[in-house]
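**Student:** here is a sequence together with a model predicted from it:
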Amino acid sequence: MSYDSSVEAPRPILHIDLDAFFASVEILDNPSLRGKPVVVGGDSDRGVVASASYEARRFGVKSATPTVLAKRLCPDLIIIPGHFDRYEEVSAEFHAIVLDETPVVESLGLDEVFCDLSSLWRVSPDPVAVARRIRQRVRDEMQLECGVGVARNKLFAKLASRDAKPKIDHGRLVPAAGVVLVDDEMERHWLDTLPVRALWGVGPATESKLAAIGITQIHHVARMDEKILASHLGAAQAQMLCSFARGVDTRPVENDRATKSIGHEETFAVSVAARDELARHLQRHAAVVARALRGSQVAAGTITIKVRFDDGKSISRSRTVGVALDDEVAISALALDLLQSVPDGPAVRLAGVTASHLCAATGEGQMSFDFAAEGVMAVAEEEQRRRSALRSALDDIRGRFGRSAVGTGIEMTGGELDVSRQRGSHAFGPTGETN
Ligand SMILES: [Mg+2]
């Protein structure tokens, strides 16, 4: 890949996008759907398709197609209302794989991420090799497919991942390239030939505004005076589009590790009635959260527990402490203390622990006087010190041999690592297409 470093710093960026995500998860969970035209979407008169299998796409059905029209295009269409809890679960697995391979990751919805590999300069990996490895792991570990674009900026990486996917050509499925590395020639070709809606930030509204002034192609924008464009779109959007049309995109990959919170929760197969059993679950969640905090090199100032009863009522309890915590002993102690303030109710269907007010970890694990004086856990400080050596050894082993290689007493009671990262609001990319 060659970079024009006069305009922007070269950054090997990946854009990874799971293929036909919702539909693929449905097929994964119900193999009898394989090879059939399947969509996830609303089946009402005003319903639209959220995600379409490639078999459905052969009939011209795609995301945002009104369901009524989709049924006309494909009379045998199988319409599934969707299982969003399940998609979130699968999304967490996807993110876990990506985070395992690359440190700087920005999520865009459930099935799409950007990764910036420049932080790996010490090991200077081949970006294509990283892309291939992630793709292979998604196939092997999740039985799902994804397209990966490799480019010098977000704009081209996103266009490339689209190019990496299977395509429908005259009703026929063209197999996926899987990984597409963008070179100068492709950049030029795309900028010369793609419609303006291929650019980030050009949704249907902007597209029709641009069409009204005769702009339908990216190269039209490139030749347009930015001031004139600004009079139609506003200065900010005009500037962004003019940059993109020249292939310049300086947007950084916004690392999710500047995360707002890290949490772990579980919906129980059988609701939990006994308090001590509930306490054990919270301890386990606390341990997973602690490990995720350390894995992200952050520590938390606030711990929250959430309990949802069988009658659907949820209760959250939070405590903000004067120190940054990343230790299972301290976080468990806080969680159990918070549990004391949850009134008795029906059996519990879901319980979770979330850490928030995150800051960069110092590695000191200090406990403040305030916190100690609260008497939440007098032994926590000593315990934390005593455990830190063991803990980093465990994390190290897990890092090298996988998370199930070794557990502590708390974590051995069951449950997979399923860490949800709550993110700030995101632009969800160009509107219209969820591939
Ligand atoms: Mg997708």
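**Tutor:** Yep, that arrived.
**Student:** quick one: the strands in the stretch 101-250 of the chain?
**Tutor:** Using DSSP state E, counting those that start in this stretch, the strands of the stretch 101-250 of the chain run over residues 105-107, 112-116, 146-151, 167-169, 172-174, 179-181.
**Student:** got the ones you listed as TSV, with mean pLDDT and distance to the ion columns?
**Tutor:** Every C-beta, even on glycine, is put in place using the N, C-alpha and C of the backbone. Shown next, in TSV, are these (pLDDT from 0 to 100; distance: least, C-beta to the ion, whole Å):
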stretch	mean pLDDT	distance to the ion
strand 105-107	90	12
strand 112-116	95	6
strand 146-151	98	8
strand 167-169	92	14
strand 172-174	91	17
strand 179-181	97	15
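**Student:** deepest-packed of the ones you listed, please.
**Tutor:** Among those, strand 146-151 has the highest mean neighbour count (mean count of other C-beta atoms under 10 Å), at a mean of 27.
**Student:** pull the distance from it to the chain's centre.
**Tutor:** A distance of 15 Å separates the centroid of the chain from that of strand 146-151, by C-alpha atoms, centre = their mean, to the nearest Å.
**Student:** gap between Val150 and Leu108?
**Tutor:** Look at Val150 and Leu108: by C-beta to C-beta, to the nearest Å, they are 17 Å apart.
**Student:** got the residues of this structure near the ion?
**Tutor:** Within the chain, the positions lying close to the ion (C-beta under 5 Å from the ion) are Asp17, Leu18, Phe21, Asp111, Asn435.
**Student:** show only the entries of these found in strands.
**Tutor:** Mapping the residues of the chain next to the ion onto strands (DSSP state E) picks out Asp17, Leu18.
**Student:** including distance to Ala176, pLDDT and neighbour count, could the residues of the chain next to the ion go into TSV?
**Tutor:** Output for the residues of the chain next to the ion, formatted as TSV (distance: C-beta to C-beta, whole Å; pLDDT from 0 to 100; neighbours: other C-beta atoms under 10 Å):
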residue	distance to Ala176	pLDDT	neighbour count
Asp17	11	97	23
Leu18	12	97	26
Phe21	14	96	26
Asp111	15	94	25
Asn435	11	42	21
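**Student:** tell me the domain boundaries of this structure?
**Tutor:** Domain segmentation of the chain under automatic domain parsing yields 16-152, 188-245, 261-422.
**Student:** which of those domains sits most buried?
**Tutor:** By mean count of other C-beta under 10 Å, the domains of the chain have domain 16-152 as the most buried, with a mean of 19.
**Student:** start to end distance for that domain?
**Tutor:** End-to-end distance for domain 16-152, by C-alpha to C-alpha, to the nearest Å: 14 Å.
**Student:** over to stretch 142-161?
**Tutor:** End to end - C-alpha to C-alpha - stretch 142-161 spans 19 Å.
**Student:** including distance to Thr206, could the strands of the stretch 101-250 of the chain go into JSON lines?
**Tutor:** Output for the strands of the stretch 101-250 of the chain, formatted as JSON lines (distance: least, C-beta to C-beta, whole Å):
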{"stretch": "strand 105-107", "distance to Thr206": "23"}
{"stretch": "strand 112-116", "distance to Thr206": "20"}
{"stretch": "strand 146-151", "distance to Thr206": "23"}
{"stretch": "strand 167-169", "distance to Thr206": "25"}
{"stretch": "strand 172-174", "distance to Thr206": "29"}
{"stretch": "strand 179-181", "distance to Thr206": "26"}
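**Student:** who does the closest residue to Leu338 other than its chain neighbours form a beta bridge with?
**Tutor:** The shortest distance from Leu338 to any non-neighbouring residue, by C-beta to C-beta, 6 or more residues apart in numbering, is to Arg317 (4.1 Å). Beta-bridge pairing for Arg317 (DSSP bridges): Ile305.
**Student:** quick check: pLDDT value at Arg317.
**Tutor:** Arg317 carries a pLDDT value of 88.
**Student:** quick one: it and the ion, what's the gap?
**Tutor:** Distance of Arg317 to the ion, given as C-beta to the ion, to the nearest Å: 37 Å.
**Student:** pull the contacting residues for that residue.
**Tutor:** Thr304, Ile305, Leu338, Leu339, Ser341, Val342 (C-beta atoms under 8 Å, 6 or more residues apart in numbering).
**Student:** can I get those residues in a markdown table with pLDDT?
**Tutor:** Below are those laid out as a markdown table (pLDDT from 0 to 100):
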| residue | pLDDT |
| --- | --- |
| Thr304 | 89 |
| Ile305 | 93 |
| Leu338 | 92 |
| Leu339 | 95 |
| Ser341 | 90 |
| Val342 | 91 |
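**Student:** from Tyr87, how far off is the nearest residue in space to Ser341 that is not next to it in sequence?
**Tutor:** Distances taken as C-beta to C-beta, 6+ apart place Arg317 nearest to Ser341, at 5.3 Å, with adjacent residues excluded. Distance, Arg317 to Tyr87, by C-beta to C-beta: 29 Å.
**Student:** Glu226 against Gln239, yeah?
**Tutor:** Yes. Between Glu226 and Gln239 a contact is recorded at 6.4 Å, counting by C-beta atoms under 8 Å.
**Student:** give me the common contacts of these two.
**Tutor:** By C-beta under 8 Å, 6+ apart, no residue touches both Glu226 and Gln239.
**Student:** before we move on, back to that, out of the contacts of Arg317, flag the one nearest to Glu266.
**Tutor:** Ile305 (12.4 Å; C-beta to C-beta).
**Student:** nearest to the ion: which residue in the stretch 51-200 of the chain?
**Tutor:** Residue of the stretch 51-200 of the chain nearest the ion, by C-beta to the ion: Asp111 (4.2 Å).
**Student:** surely that residue meets Phe94?
**Tutor:** Yes. Between Asp111 and Phe94 a contact is recorded at 6.9 Å, counting by C-beta under 8 Å.
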